[in-house]
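*Asks:* Generate coordinates for the sequence data below:
(one chain, ligands or ions: 1)
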Amino acid sequence: MPTPHIDAESGAIAPTVLLPGDPLRARFIAETVLEEARQVTARRNMLGFTGRWRGQPVTVMGGGMGIPSTAIYVTELARVYGVQRIIRIGTCGGLGEIRLGDVLLAQSASTDSRFNRMQFGGHDLSVSADFGLLRAAVDAAAAAKLPARVAPVFSSDCFYDGDPQLLDHLRRHRIAGVEMEAAGLYGLAMREGFRALAILTVSDHLDRDEHMPAEQREQGLERMARLALACAAGD
Ligand code: HPA
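*Replies:* Next up, the predicted model:
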């Protein structure tokens, strides 16, 4: 039952999906963390793989960058493939006392995107992580002795040249991280009826112009994938 953007057969996508932005990261996770992983979709090179983790079926698939791309894949995963849980694993910019390499569990996601407003009569929609997944992620991080912080994040439509006051607004509201997808994912979870969480590694520091080296990003990715899998299993 392929969709316009996913060419997997029906039944080939697992009820739990890990969603990195980059399809090559999806392949990396499938090869390093999942057992018996096989490629199930490759339309537009947005690769997806289904395998097993501790016996349970799991899909890992790229979702692209930004809310519009993420929303296309997530909507089709939920509506056509009946996916029940989507855990985004990605990177974010950090603010204030947050340090490079810290893991944020995005409790809520504010945004400058109109995506949710368009579906909500122009009103502000308050979007948040699924509580069960968030609690399971906190427990899984504690069990793995991985310091992970539950935090509000901001999903921006602009990687470059956004609101010049944005960082001040974020600091004032004690928002810990900036990325580009969580608010759309959480809004879709409410409308489509699946459960969602975003797990983010701080790859850039927005006050200090610090950036994580590529090798460390890869380690961060594997750590997040293992945390997401433990969280899905413990939920
Ligand atoms: N802004 C938006 N998204 C990001 C950033 C950032 O600084 N770093 C990683 N993802």
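*Asks:* and the helix or strand bottoming out on mean pLDDT in the chain, does that touch the ligand?
*Replies:* When each helix and strand of the chain is scored by mean pLDDT, DSSP states H and E, helix 214-234 comes last, with a mean of 92. No. Between helix 214-234 and the ligand, judged by Cβ under 6 Å from any ligand atom, nothing touches; the nearest distance is 9.8 Å. Bear in mind the C-beta positions are built from the backbone N, C-alpha and C, glycine included.
*Asks:* Mind listing what's buried along that helix?
*Replies:* 220, 221, 223, 224, 225, 226, 227, 228, 229, 230, 231, 232 (16 or more other Cβ atoms under 10 Å).
*Asks:* so what's the second one up against?
*Replies:* Under the criterion of Cβ atoms under 8 Å, 6 or more residues apart in numbering, the contact list for residue 221 reads 20, 25, 28, 29, 89, 201.
*Asks:* mind running it again at 7 Å?
*Replies:* Applying Cβ atoms under 7 Å, 6 or more residues apart in numbering to residue 221 gives the contacts 20, 25, 28, 29, 89.
*Asks:* pLDDT (mean, whole number) over the strand or helix carrying residue 90?
*Replies:* Using DSSP states H and E, residue 90 sits in strand 85-94. The pLDDT scores in strand 85-94 average 98.
*Asks:* Likewise for stretch 195-203?
*Replies:* pLDDT averaged over stretch 195-203 gives 98.
*Asks:* Is there any residue in that stretch that contacts the ligand?
*Replies:* Yes. On the criterion Cβ under 6 Å from any ligand atom, stretch 195-203 is in touch with the ligand at residue 203.
*Asks:* For the remainder of this discussion, apply numbering that starts at 3.
*Replies:* Noted, 3 is the first residue going forward, which turns the last one into stretch 197-205.
*Asks:* I would like the residues contacting that stretch, please.
*Replies:* Taking Cβ under 7 Å, 6+ apart as the rule, stretch 197-205 contacts 86-94, 96, 100-108, 131-132, 134-136, 139, 155, 179, 181, 184, 187-188, 191, 213-214, 219, 222, 226, 229-230, 233.
*Asks:* Can you list the strands that the strand holding residue 92 pairs with?
*Replies:* strand 18-21 (parallel), strand 179-181 (antiparallel), strand 197-207 (parallel) (DSSP bridges).
*Asks:* Mean neighbour count added to those strands, as JSON lines?
*Replies:* Output for these, formatted as JSON lines (neighbours: other Cβ atoms under 10 Å):
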{"stretch": "strand 18-21", "mean neighbour count": "27"}
{"stretch": "strand 179-181", "mean neighbour count": "26"}
{"stretch": "strand 197-207", "mean neighbour count": "25"}
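*Asks:* Across the sheet, point out what pairs with the residue sitting nearest the centre point of the chain.
*Replies:* Centroid-nearest residue in the chain: residue 90, 1.7 Å away (criterion: Cα atoms, centre = their mean). Residue 90 has these beta-bridge partners by DSSP bridges: residue 21, residue 200.
*Asks:* is it true that it touches residue 184?
*Replies:* Yes. Using Cβ atoms under 7 Å, residue 90 is in contact with residue 184, at 6.5 Å.
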